[in-house]
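**Student:** generate coordinates for the sequence data below:
(2 chains)
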Number of protein chains: 2
Amino acid sequence: MAWLDVLLGARLANRDYGRRKIGAFEGLPAMGLDGLGSSAYGPEAALTILIPLGAAGSAYIEGVMAPIVALLMILFVSYWQTIRAYPNNGGAYIVTKENLGTNVSLLAAAALMIDYVLNVAVGISAGVGALVSAAPALHPYILPICLGVLVLVTIANLRGTLDAGRLFAAPTYLFVVSFVAIIAIGVAKALLSGGHPAPVAPPPAPPPATESLSLWLLLRAFASGCTAMTGVEAVSNGMSAFREPPVKYGHRTLAAIVGILAILLAGIAYLANSYRIMAMDQTQPGYRSVLSQLVGAVIGENAFFYVAIGSLLCVLVLSANTSFVDFPRLCRMVAEDGFLPKSFAIAGRRLVFSVGILYLAATAGTLLFAFGGITDRLIPLFAIGAFLTFTLSQGGMAVHWRRALRRSKSRREAGAHHLHFWINAVGASATGLALAVIIVAKFLEGAWITILVIPAVIALLVSIHRYYRWVAREVCDPGPLEIDAGSSPIILIPIEDWDKLTAKALRLALTLSPDVVGVHLTHLSGPEAREREESLRARWRGSVEQPAAAAGIAAPRLMILQAQYRDIHEPVLKLAGELGQKFPGRSVAVLIPEVVKRHWYQYLLHVGYADHLRRQLLRKGDSRLAVIDVPWRL
Amino acid sequence: MAWLDVLLGARLANRDYGRRKIGAFEGLPAMGLDGLGSSAYGPEAALTILIPLGAAGSAYIEGVMAPIVALLMILFVSYWQTIRAYPNNGGAYIVTKENLGTNVSLLAAAALMIDYVLNVAVGISAGVGALVSAAPALHPYILPICLGVLVLVTIANLRGTLDAGRLFAAPTYLFVVSFVAIIAIGVAKALLSGGHPAPVAPPPAPPPATESLSLWLLLRAFASGCTAMTGVEAVSNGMSAFREPPVKYGHRTLAAIVGILAILLAGIAYLANSYRIMAMDQTQPGYRSVLSQLVGAVIGENAFFYVAIGSLLCVLVLSANTSFVDFPRLCRMVAEDGFLPKSFAIAGRRLVFSVGILYLAATAGTLLFAFGGITDRLIPLFAIGAFLTFTLSQGGMAVHWRRALRRSKSRREAGAHHLHFWINAVGASATGLALAVIIVAKFLEGAWITILVIPAVIALLVSIHRYYRWVAREVCDPGPLEIDAGSSPIILIPIEDWDKLTAKALRLALTLSPDVVGVHLTHLSGPEAREREESLRARWRGSVEQPAAAAGIAAPRLMILQAQYRDIHEPVLKLAGELGQKFPGRSVAVLIPEVVKRHWYQYLLHVGYADHLRRQLLRKGDSRLAVIDVPWRL
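**Tutor:** Residues are numbered from 1 along each chain as shown, chains lettered A, B, ... in the order given. Here you go, the predicted structure:
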């Protein structure tokens, strides 16, 4: 598998596990791309709702974004506490499981999973959409580009979180430096000009007003703007990726992500108002995104403009990466609790949970394919999962602190826990309120789909768990071993001819049991069949029965059966069943000699009788029927 | 598999074989569709070459078609003889193998196979092309319609040749009746009007002449017109499909196909000249096929017109069926001689050779997909295979008669053989000459591809044969059985836990050998691993070692190994290798307890360790390593 080594890197031993963990430098690209990418579409989504207000719209954006930034700060403090309280994994699943019970944790798990899958599809398609609007020649290739990016991100993550973080570091840091610089320049210009800076490249004129201001409009703008906060929970979910001490690296990564995001959101809102920048209708020709108008207004359309917009495109396109880091870790925990197939909990060749990564890629790829890489219909489904998770996670933390409060030994400790409790309780209420606003404002646009899918996912998780519990009950507790020595099984050997395979099979069978029967199946009838039968019997007498008699052991018998339907397993199954009835105490083993295939073409050239026979016997035989495979190497 | 029963019909027992054979009524649709369909494109192809002659072109079509009809008659007599001489199978492969040796028979087999695959792709795409030119609304769906027809024909043939023949009988006989009637009416009108009948719907005016008559043009028209003869060999190749006596039904079917085809070709040529019908450029708007012009000229565009053209479309679309009858039978014979994988020689549930049918469908489907269902590029590749087969088959028959001549006992017999020899010798020379003309005339248009592919196919057949010969040498002639009684194998049992699977596996193992070792693989390290290890050891002592001691037998040991790379097979392989070195006389068997999966979801929920382990052990273990599967039913 040399090509797998090249593609994914050499496989890693268990002892390498510690060395594969990341610090804050890789943490920002690994877990922050989703959060940072949100700055591109959050304010724009809010401004889009304000379009009917015309030129006055941009004056309200600061008012809409202010509660969002405040909410972001609450979440920051809240997750800071969570990371310290759950240094190994502070994801919503663990926090709710420990504090609110299994049922709520399944709700959190379902919300998170849906959110991660949507984030991949939305992130990639939004990024590629922005790329295509910058380079219209690529327009016919939206879907192939989306799938290509998906494959790239998947491979990077199959190589490991460390490699993915390093690979995506350059565009991430380029984006951060560019946009913080642009916002600083813009704010300085605005302050120097007394709040009314002259744009270098003026933004297009806003459309005429068609509606007057209403609370409902502001609420809808707020609900749309809330998408700017998705991705903040990523650090707490991905704590197990950090090297020792995880709390330190987790805190640093969280602070970096939230700090940069807050600067970006506040800066964008302030500058959109100062430069009078409005969102434009994306379906109309001449569309330009809010950030591209803003960068143009602040620094003009020079080389730096293209560097900044290019890094933004990279961040958007790669924002799927956050899901690839967190989704497999979540699935692993859920699988270890028995709510997902066990294969999600097995570390692959690079010590990441490959099944989760591949499953995420397949699901997101299917979504992208089904929607042709078009984002618009997916976005309304999106923020619900994130805000449900925020609320559940902080609700769980509030319960956690109240319990700690009861156990606290000193007054000082109690005071601290009290403060922690209130922070998380306020956070939970705030995000819960935001969630309610989002559900109401976006219900008809698509939020109902998410609300339908969540219970379906929970039902699936519960039925998987029920199956595993049933299996465990079925096989557990066998009691001490019962030993009934002596009754060796009757061994049947399907044979084609008297050749070296048959000879080897017979030799092995005679070391296992004195009762060996060779079974020859004939598909033919008529004189040709009789002739072959006679010839085989004669060879059996000379080559098997006589040497056995000479050695003084019972000779293996030869039976010739008709395969009326050309299916080899039915006559063998029937014979095994008859033998099982005749000798109730003994088991029956079918010994299958098989040519070992080392090359792909051998699978085409050898009829897969052995495989087929084994599968059918194991599936349809009774429980006393075993199968013995004897390999023959050519 | 109830849905398979519905789709393909209930499976058939070997004794039904005789009853599944066909007579002449089913023979015409089963084997004649290719030949009859040729009448639609053969004369048109010849007329297309004559377009540069302008209005004068149609005057030469009788001259071009006359030698083709003559050739057809020679082929008819020739194949009539072949069928009588080879009543079980008179295909070119058998005839050349028996008379010209294996090498020439491989050339015939390769030519036939390529021809059959091309016939499917060309037949379906030409038919669908004609359908689409009649109903332009279907134009965007050419490829899906082509693939849909392919699936239909494939399913009909998987149900059996009898079912396919019956299913396609209605359109075939409708076509025959309609076109014979139209030609009779046309000829009657032409004769009554003294050779210049007035068309009911006049054909479009011919294009102006751009070239004058030349021998090269006539040769090219002849080469193109020869495609009208493809499909004539079908009966001789499919003789094994006929019921007793096959010669009678073969002769009837051949006579019907050739008779109808000759009437059609001669009639079309005569009427094209009488009504001055010319071919039109297919790429131009307003294109109408020669046959549709002809039917319109003879009877006008009434309801009967649409019935006739509809039946023609059906015949074209279904002309692929001939390949589906003959290709699997050819592949079966080639496979029985060891030149193709053995699976081509196995009768499927409906007693047809399903692998050949599916392979043909897959190859033709790939061709259709690769060329988007467009015929034009495939047609020049097409006639070469057929004419090469004609020539080889008749050359073989000529040799056959010369041999018979030498053995003939009476003067009368010798005279008959002499006549037979000359008929086939003349036939071989005529088709050989036609083949030479076709190769020269079409070499640059695409014939070179066929000429390159044929040796590639032969090389493939030869290397498959070489592989089978090598395998046969490797396993043959084992000599009398050597009996070394007593040394039972060492049995290793990979165990996860002390559960009922392990208990059952141990019980079976102890009946096979006194030396049993339980192998537990740990993926973990650190304190958690040590704890689990201790608990397993304690249970092993209590539940295995103590009962074994009480029964007075050697207790199975428990070994705990590290799976550093999370791959279960490597530690087991290593242990088996070490044991093999330590005990050189004994074999090692790995006994794998496995949960039997009865539902698809169980494959997702149970990690496929057992399958993976067995496969790797059989592939990578040494030849003394056997694998024992013990099923566990939940």
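
**Student:** so which residues on the stretch 1-150 of chain A come close to chain B?
**Tutor:** Contacts of the stretch 1-150 of chain A with chain B, taken as Cβ under 8 Å from any Cβ of the partner chain, map to A:11-15. Any C-beta I mention is one placed from the backbone N, CA and C, and that applies to glycine too.

**Student:** out of the residues you listed, which are buried?
**Tutor:** The neighbour-count test (16 or more other Cβ atoms under 10 Å in any protein chain shown) marks A:11-12, A:14 as buried among these.

**Student:** which member of these is positioned nearest B:L318?
**Tutor:** Closest approach to B:L318 among these (Cβ to Cβ): A:R11, at 53.7 Å.

**Student:** phi first, then psi, for the closest one.
**Tutor:** The phi and psi values for A:R11, taken as degrees, to the nearest 10, are phi -70, psi 150.

**Student:** and A:A416, which of the three is it?
**Tutor:** Secondary structure, DSSP: H, G, I helix; E, B strand; the rest coil: A:A416 is helix.

**Student:** so which residue of chain A lies furthest out from the middle?
**Tutor:** A:A550 (64.9 Å; Cα atoms, centre = their mean).

**Student:** mean confidence for the helix or strand where it lies?
**Tutor:** According to DSSP states H and E, A:A550 maps onto helix A:546-551. Confidence for helix A:546-551, expressed as mean pLDDT, is 87.

**Student:** and that helix, what's buried?
**Tutor:** Under 16+ other Cβ under 10 Å, the buried positions of helix A:546-551 are A:547-548.

**Student:** same thing with stretch A:299-313?
**Tutor:** By 16+ other Cβ under 10 Å, the buried positions in stretch A:299-313 come out as A:299, A:305, A:308-313.

**Student:** if we can go back for a sec, what separates the residue farthest from the centre of chain A from chain B, distance-wise?
**Tutor:** 8 Å (Cβ to the nearest Cβ, to the nearest Å).

**Student:** related to what we said a few turns ago, between the buried residues of stretch A:299-313, which sits nearest chain B?
**Tutor:** Taking Cβ to the nearest Cβ as the measure, chain B lies nearest A:L313 of the buried residues of stretch A:299-313, at 34.4 Å.

**Student:** who's in contact with the closest one?
**Tutor:** A:127, A:130-131, A:134 (Cβ atoms under 8 Å, 6 or more residues apart in numbering or on different chains).

**Student:** and it, what helix or strand is that in?
**Tutor:** helix A:303-318.

**Student:** quick check: next helix or strand after that helix?
**Tutor:** Counting by DSSP H and E, the next helix or strand C-terminal to helix A:303-318 is helix A:321-336.

**Student:** ok, that next one near chain B or not?
**Tutor:** No. Remark: helix A:321-336 sits outside contact range of chain B, by Cβ under 8 Å from any Cβ, the gap being at least 10.3 Å.

**Student:** quick one: which of the contacts of A:L313 has the most company?
**Tutor:** Within the contacts of A:L313, A:G127 tops the neighbour count with 27 neighbours, counted by other Cβ atoms under 10 Å in any protein chain shown.

**Student:** what about A:D477, how many residues nearby?
**Tutor:** Neighbour tally, A:D477, other Cβ under 10 Å: 11.

**Student:** model confidence at it, what's the number?
**Tutor:** So A:D477 comes in at 79 (pLDDT).

**Student:** enumerate every residue touching it.
**Tutor:** Counted by Cβ under 8 Å, 6+ apart, A:D477 has contacts B:499-500.

**Student:** look at it and tell me its secondary structure.
**Tutor:** Under three-state DSSP, A:D477 comes out as coil.

**Student:** against B:F443, how distant is it?
**Tutor:** 79 Å (Cβ to Cβ, to the nearest Å).

**Student:** against A:A205, how distant is whichever residue of the stretch 1-150 of chain A sits closest to chain B?
**Tutor:** Closest to chain B within the stretch 1-150 of chain A is A:A13: 4.6 Å, counting by Cβ to the nearest Cβ. Using Cβ to Cβ, A:A13 is found at 63 Å from A:A205.

**Student:** ditto for A:G300
**Tutor:** Separation of A:G300 from A:A205 (Cβ to Cβ) stands at 18 Å.

**Student:** same thing with A:M73?
**Tutor:** 35 Å.

**Student:** and those two? which has more neighbours close in?
**Tutor:** A:M73 (13 against 10).

**Student:** mind checking the SS state of that one?
**Tutor:** With three-state DSSP as the basis, A:M73 sits in helix.

**Student:** quick one: contacts for it?
**Tutor:** A:258, A:262.

**Student:** could you do A:L508 as well?
**Tutor:** Listed by Cβ under 8 Å, 6+ apart, the contact partners of A:L508 are A:591, A:628, A:630, B:489, B:587, B:626.

**Student:** before we move on, which element is it in?
**Tutor:** Applying DSSP H and E, one finds A:L508 within helix A:500-512.

**Student:** can I get stretch A:150-170 as PDB, trimmed to CA atoms?
**Tutor:** Taking C-alpha atoms only, stretch A:150-170 is exported to PDB below (Å, rounded to 0.1, in the frame of the first residue of the first chain):
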ATOM      1  CA  LEU A 150     -13.900  18.400   0.100                       C
ATOM      2  CA  VAL A 151     -11.400  15.700  -1.000                       C
ATOM      3  CA  LEU A 152      -8.400  18.000  -0.100                       C
ATOM      4  CA  VAL A 153      -9.700  18.800   3.400                       C
ATOM      5  CA  THR A 154     -10.600  15.100   3.900                       C
ATOM      6  CA  ILE A 155      -7.100  13.900   2.900                       C
ATOM      7  CA  ALA A 156      -5.400  16.600   5.100                       C
ATOM      8  CA  ASN A 157      -7.500  15.400   8.100                       C
ATOM      9  CA  LEU A 158      -6.900  11.700   7.400                       C
ATOM     10  CA  ARG A 159      -3.200  12.600   7.700                       C
ATOM     11  CA  GLY A 160      -4.000  13.900  11.200                       C
ATOM     12  CA  THR A 161      -5.100  17.100  12.900                       C
ATOM     13  CA  LEU A 162      -1.500  18.200  13.300                       C
ATOM     14  CA  ASP A 163      -0.800  18.000   9.600                       C
ATOM     15  CA  ALA A 164      -4.200  19.700   8.700                       C
ATOM     16  CA  GLY A 165      -3.400  22.600  11.200                       C
ATOM     17  CA  ARG A 166       0.000  23.100   9.700                       C
ATOM     18  CA  LEU A 167      -1.200  22.900   6.100                       C
ATOM     19  CA  PHE A 168      -3.900  25.500   6.600                       C
ATOM     20  CA  ALA A 169      -1.900  27.800   8.900                       C
ATOM     21  CA  ALA A 170      -0.600  30.100   6.100                       C
END
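
**Student:** hmm, who's touching it?
**Tutor:** By Cβ under 8 Å, 6+ apart, stretch A:150-170 touches A:7-9, A:12, A:20-22, A:25-30, A:33, A:120, A:124, A:241, A:318, A:320-321, A:324-325, A:328, A:348, A:350-352, A:354, A:357-358, A:361, A:364-365, A:368.

**Student:** repeat that for 6 Å
**Tutor:** Stretch A:150-170 has contacts (Cβ atoms under 6 Å, 6 or more residues apart in numbering or on different chains) with A:8-9, A:20, A:22, A:26, A:29-30, A:124, A:241, A:318, A:320-321, A:324-325, A:350, A:352, A:354, A:357, A:361, A:365.

**Student:** give me the buried subset of the residues you listed.
**Tutor:** Burial by neighbour count, judged by 16+ other Cβ under 10 Å, picks out A:8, A:20, A:22, A:26, A:29-30, A:124, A:241, A:318, A:320-321, A:324-325, A:350, A:352, A:354, A:357, A:361, A:365 from the contacts of stretch A:150-170.

**Student:** how about the secondary structure of A:H520?
**Tutor:** strand.

**Student:** A:P29 contacts A:T172, correct?
**Tutor:** Yes. At 4.1 Å, A:P29 and A:T172 qualify as touching, with contact defined as Cβ atoms under 6 Å.
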